[in-house]
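1. sequence first, predicted coordinates after that:
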Amino acid sequence: MSVHGFSNSTLYATNVDFRGVTPVVDQMTADGQLLIGSSVAPFIRSGLLTSVGSTVDITVGHGTINLETIGGVTTIVGDSGQSVTGAVTLYADQAALNCGSSVTFTTDGAQTATFNVTDSSNNTLLGINTGNLSLTGSTNTGLGAGVLTALTNGISNCSFGQGSSTSITSGTYNSCFGTLGLSSLSGSSYCSAFGAQALANLSSGNYTTGLGYNAGIYLNGAESSSICINSYGDTGVSNRLKIGQATGTGTGELSTSFISGINGNTALTTPLMVVINSSDQLGTMPLPTSGVTSLVGDSGTTVDGAVTLTTGNSTRNCGSTVKFVSGTTTVTLDVMDSSNNLFLGTNAGNAADTGQDNTAVGWGAMSSNSSSAYCVAIGYGALGTSSASLNHVAVGLGALGAAQGSSDCTALGFGALNQSAHGIQNTAVGSNCLNVLNNSFNANGNVGMGYQCFSSMTGGSRNVGAGTTTGSAYTSTESDNILINSAGVVSESNTLRIGHATGTGSYDLKAAYVQGIAGATISAGSPTPYLTLTDTSDGQIVCPTPVQASAASTTYGSLSVGTALQNTANYPILVHVQMVISAAITGVVSVGVGSTNSPTARAITPTLSGASSQYFSFVVPAKFYAQITTSGTVTVTSTTTFASQIG
């Protein structure tokens with residue numbers, strides 16, 4: 001050791017050796033103490049320096065110097081793996097794109113290491129396998145695993161989401177937010193995709209926007225300037241806006257649409273009318289300058305602006321022939337088709353009809369008609385299943401409802417001729433008249449008039465009936481009958497019946513008058529007249545094997561008014577009387593026939609007024625009396641009697 005002297009009790013020396021070896025010239029061996037405080041260098045040497053924790057130990061032969069460190073990293077502990085002590089290397093593994101191609105640690109060679117997420121071209125590409133080390137573009141931003149992996153010289157692209165924008169190379173100003181969005185786009189620009197897989201298949205389109213999950217997924221080529229909002233879009237179509245997948249309540253569909261900021265605003269320029277077609281496509285057309293501006297129905301809300309007039313022709317809302325036909329400036333309401341058919345009423349007629357000149361009015365009238373012609377149906381279901389029928393008239397609910405292949409029938413009333421399918425020339429007037437008549441018995445030529453007339457007859461022909469429930473006893477094929485206010489008798493045919501019974505009850509007759517008989521003279525050459533008799537038990541009129549009228553009976557005298565005259569013969573006689581009346585005021589002539597000389601009289605003339613001649617005939621059984629009487633004021637000038645044997 002070389003001693004240079006003392007100053008302020010401090011020893012200055014050089015070449016002090018603390019290694020504990022044999023000193024050499026100008027050196028001295030220290031004995032455990034180090035003098036510190038010199039402002040100029042003494043050279044301190046030691047044989048071994050060790051660092052443990054936060055201290056540095058200098059070990060020599062005769063003692064130890066402990067130097068404590070201040071500040072600095074001593075240990076690094078990661079989220080996983082082992083703790084790191086001692087010298088530490090920080091790096092982003094840029095070559096392997098561990099954090100993205102723009103992420104680096106940069107050291108200054110001294111004491112500073114700088115963490116960078118943006119490169120020198122202002123690209124920020126953060127995420128495993130995001131970006132690449134050969135790109136030359138600038139101001140691009142990518143966040144997520146495998147984002148913008150093919151980027152070369154593209155500028156200002158932004159993409160967020162795993163696997164998004166993986167094919168963009170030279171494209172510019174594209175934006176993506178969502179997994180796998182814009183994953184097929186390469187050199188295109190100005191596209192925006194928001195939502196998982198939005199515009200995932202678009203390869204070369206420009207200025208296209210997709211908003212929503214799978215928005216624009218059907219765009220797979222160069223579709224450009226299109227906007228898809230929650231819609232798959234249309235393949236191969238550019239310049240199109242689509243909102244929603246469809247109209248409805250399913251996934252991605254819209255059942256209603258609301259756009260604010262329209263109602264109440266007045267157009268500043270010439271307004272156009274927005275219209276929509278059945279495919280949800282919007283369009284415009286000029287507003288009408290005249291005509292209908294609003295429409296008010298019998299029910300519902302007022303319709304303003306564009307008005308669609310429809311009759312619901314395909315659903316027969318108004319009948320199969322009713323429709324609105326639009327021209328250039330007019331809308332025409334047609335109620336007849338080209339074959340002169342008119343079908344008016346819900347479900348009336350049908351679109352497949354091949355008939356002609358038919359008229360049907362009412363719900364379901366002629367609803368199944370196929371080839372009928374010249375028919376008229378009015379009422380619910382009238383001629384409802386008509387086909388291949390001609391010249392029918394049906395009025396009333398269900399009238400002629402089953403007619404098929406028949407003709408020339410008339411049905412007026414509820415259910416009239418309802419089951420008649422193939423009958424011809426039948427006429428029914430009245431509710432349920434002839435309503436079960438059918439074709440199984442070739443039932444033709446019947447006429448029924450009245451409520452439920454012939455209502456149980458299934459197959460008769462050429463019957464005529466008039467009156468409420470007339471013919472109600474007929475149930476099968478009774479034919480060629482004439483019934484007036486009579487139920488008839490089951491299974492009978494070729495019969496005339498008038499009235500229900502003789503009496504004063506409902507449907508009964510207590511008297512019968514047939515004009516045009518009294519006083520009529522049978523001309524010469526006419527058939528010999530015969531006498532008809534009535535059975536008092538059931539009203540049947542019969543003509544027994546006749547006996548020709550003989551000459552005037554010599555045993556029967558001349559009748560005079562007020563005097564009874566007996567038929568003393570043993571056979572009945574037919575008495576003919578001619579009475580000449582010179583004057584009468586409310587007078588009536590009566591005849592009585594009975595077993596006593598005071599028989600009960602019945603009026604045989606109407607009320608008389610003035611002069612007249614009266615002719616009448618009556619039968620006087622053997623041994624019975626006959627008497628002519630008058631009432632009121634009647635002046636009889638003469639009475640001529642002629643009697644004939646009838647049995």
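-> Looks like it arrived, so ask away.

2. hey, let's count contacts and neighbours off CA atoms from now on
-> Noted.

3. just give the nearest non-adjacent residue to residue 169, would you?
-> Among residues not flanking residue 169 along the chain, residue 151 sits closest, at 4.1 Å (C-alpha to C-alpha, 6 or more residues apart in numbering).

4. helix/strand/coil for that neighbour?
-> coil (DSSP: H, G, I helix; E, B strand; the rest coil).

5. can you check residue 417 too?
-> Residue 417 is classified as coil under three-state DSSP.

6. how far away is the residue nearest to residue 169 from residue 102?
-> 13 Å (C-alpha to C-alpha, to the nearest Å).

7. can you list residues touching both of the two?
-> For the pair residue 151 and residue 102, residues contacting each of them under the criterion C-alpha atoms under 8 Å, 6 or more residues apart in numbering are residue 131.

8. surely residue 424 touches residue 444?
-> Yes: the pair formed by residue 424 and residue 444 meets the contact definition of C-alpha atoms under 8 Å, at 5.1 Å.

9. residues touching the spatially most central residue of the chain, list them.
-> The geometric centre of the chain, computed from its C-alpha atoms, lies nearest to residue 315 (C-alpha atoms, centre = their mean), at 8.7 Å. In this structure, residue 315 makes contact with residue 347, judged by C-alpha under 8 Å, 6+ apart.

10. and residue 621, how many neighbours?
-> Residue neighbour count, defined by other C-alpha atoms under 10 Å, stands at 22 for residue 621.

11. ok, the nearest residue to it once chain neighbours are set aside - contacts?
-> Using C-alpha to C-alpha, 6+ apart and skipping residues adjacent in sequence, the residue nearest residue 621 is residue 572, 4.1 Å away. Applying C-alpha under 8 Å, 6+ apart to residue 572 gives the contacts 619, 620, 621, 622, 645, 646, 647.

12. could you redo the last one with a cut-off of 6 Å?
-> Under the criterion of C-alpha atoms under 6 Å, 6 or more residues apart in numbering, the contact list for residue 572 reads 620, 621, 622, 646.

13. so the residue nearest to residue 169 makes contact with residue 172?
-> No: Residue 151 sits out of contact with residue 172 when judged by C-alpha atoms under 6 Å, with a separation of 10.2 Å.

14. look at those two and report which has more neighbours.
-> The residue with the greater number of neighbours, taking residue 151 and residue 172 and applying other C-alpha under 10 Å, is residue 151; the counts read 27 against 22.

15. and residue 210, what element?
-> Remark: residue 210 resides in strand 209-211, with elements defined by DSSP states H and E.

16. report all helices and strands that that strand contacts.
-> Under the contact criterion of 3 or more C-alpha pairs under 6 Å, 6 or more residues apart in numbering; DSSP states H and E, the helices and strands touching strand 209-211 comprise strand 192-194, strand 227-229.

17. may I have the phi/psi pair for residue 314?
-> Note on residue 314: its backbone torsions stand at phi -70, psi -30 [degrees, to the nearest 10].

18. got the domain ranges for this structure?
-> Per automatic domain parsing, the domain ranges recorded for the chain read 2-68, 91-246, 528-647.

19. relative to residue 377, which of these is closest?
-> Each of those was checked against residue 377 via C-alpha to C-alpha, and the shortest separation belongs to domain 528-647, namely 41.3 Å.

20. wasn't residue 95 part of a helix?
-> Yes: Residue 95: assigned to a helix according to three-state DSSP.

21. tally of neighbours for it?
-> 12.

22. ok, it to residue 129 distance?
-> Plainly put, residue 95 is 10 Å away from residue 129 if you go by C-alpha to C-alpha.

23. for residue 200, same thing?
-> Using C-alpha to C-alpha, one obtains 19 Å as the distance from residue 200 to residue 129.

24. do the same with residue 501
-> According to C-alpha to C-alpha, residue 501 and residue 129 sit 114 Å apart.

25. same check, this time on residue 271
-> 54 Å.

26. neighbour count winner among these two?
-> The residue with more neighbours, out of residue 271 and residue 129 and counting by other C-alpha under 10 Å, is residue 129; that gives 21 against 12.

27. surely that one meets residue 97?
-> Yes: counting by C-alpha under 6 Å, residue 129 sits close enough to residue 97 to count as a contact (5.0 Å).

28. follow-up on the earlier one: as TSV, the helices and strands packed on strand 209-211 with distance to residue 465, mean neighbour count and mean pLDDT would be great.
-> Converted to TSV, the helices and strands packed on strand 209-211 look like this (distance: least, C-alpha to C-alpha, whole Å; neighbours: other C-alpha atoms under 10 Å; pLDDT from 0 to 100):
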stretch	distance to residue 465	mean neighbour count	mean pLDDT
strand 192-194	85	26	97
strand 227-229	77	24	95
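
29. redo those strands as CSV? Include distance to residue 485.
-> Shown next, in CSV, are these (distance: least, C-alpha to C-alpha, whole Å):
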stretch, distance to residue 485
strand 192-194, 89
strand 227-229, 80
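
30. which one of the ones you listed lies nearest to residue 266?
-> Once C-alpha to C-alpha is applied to the helices and strands packed on strand 209-211, the stretch that comes out nearest is strand 227-229, at 27.0 Å.

31. ok, the closest one: who's next to it in the sheet?
-> The pairing partners recorded for strand 227-229 under DSSP bridges are strand 209-211 (parallel), strand 241-243 (parallel).

32. which residues touch that strand?
-> Contacts of strand 227-229 with the rest of the structure, by C-alpha under 6 Å, 6+ apart, involve 208, 209, 210, 211, 215, 216, 241, 242, 243.

33. distance from the chain centre to it, please.
-> Averaging C-alpha coordinates over strand 227-229 and over its chain gives two centres that are 31 Å apart (C-alpha atoms, centre = their mean, to the nearest Å).

34. quick one: low-confidence ranges for the protein?
-> Where the chain drops to pLDDT under 70, the residues are 1-74, 78, 86-87, 110, 268, 288-306, 439-441, 518-555, 647.

35. convert stretch 445-464 to CSV, retaining C-alpha atoms only.
-> Output of stretch 445-464 as CSV, limited to C-alpha atoms (Å, rounded to 0.1, in the frame of the first residue of the first chain):
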residue,chain,number,x,y,z
GLY,A,445,-144.4,-33.6,-62.3
ASN,A,446,-145.6,-32.9,-58.7
VAL,A,447,-147.2,-29.6,-57.7
GLY,A,448,-147.4,-28.7,-54.0
MET,A,449,-148.6,-25.5,-52.5
GLY,A,450,-148.7,-24.9,-48.8
TYR,A,451,-146.7,-25.4,-45.6
GLN,A,452,-145.4,-28.9,-45.4
CYS,A,453,-147.5,-30.0,-48.4
PHE,A,454,-146.5,-33.6,-49.3
SER,A,455,-143.7,-33.2,-46.7
SER,A,456,-143.3,-37.0,-46.2
MET,A,457,-143.8,-38.2,-49.7
THR,A,458,-140.5,-39.6,-51.1
GLY,A,459,-141.3,-40.7,-54.6
GLY,A,460,-144.7,-40.0,-56.1
SER,A,461,-145.4,-38.4,-59.4
ARG,A,462,-148.0,-36.1,-61.0
ASN,A,463,-149.6,-35.3,-57.7
VAL,A,464,-151.3,-31.9,-57.1
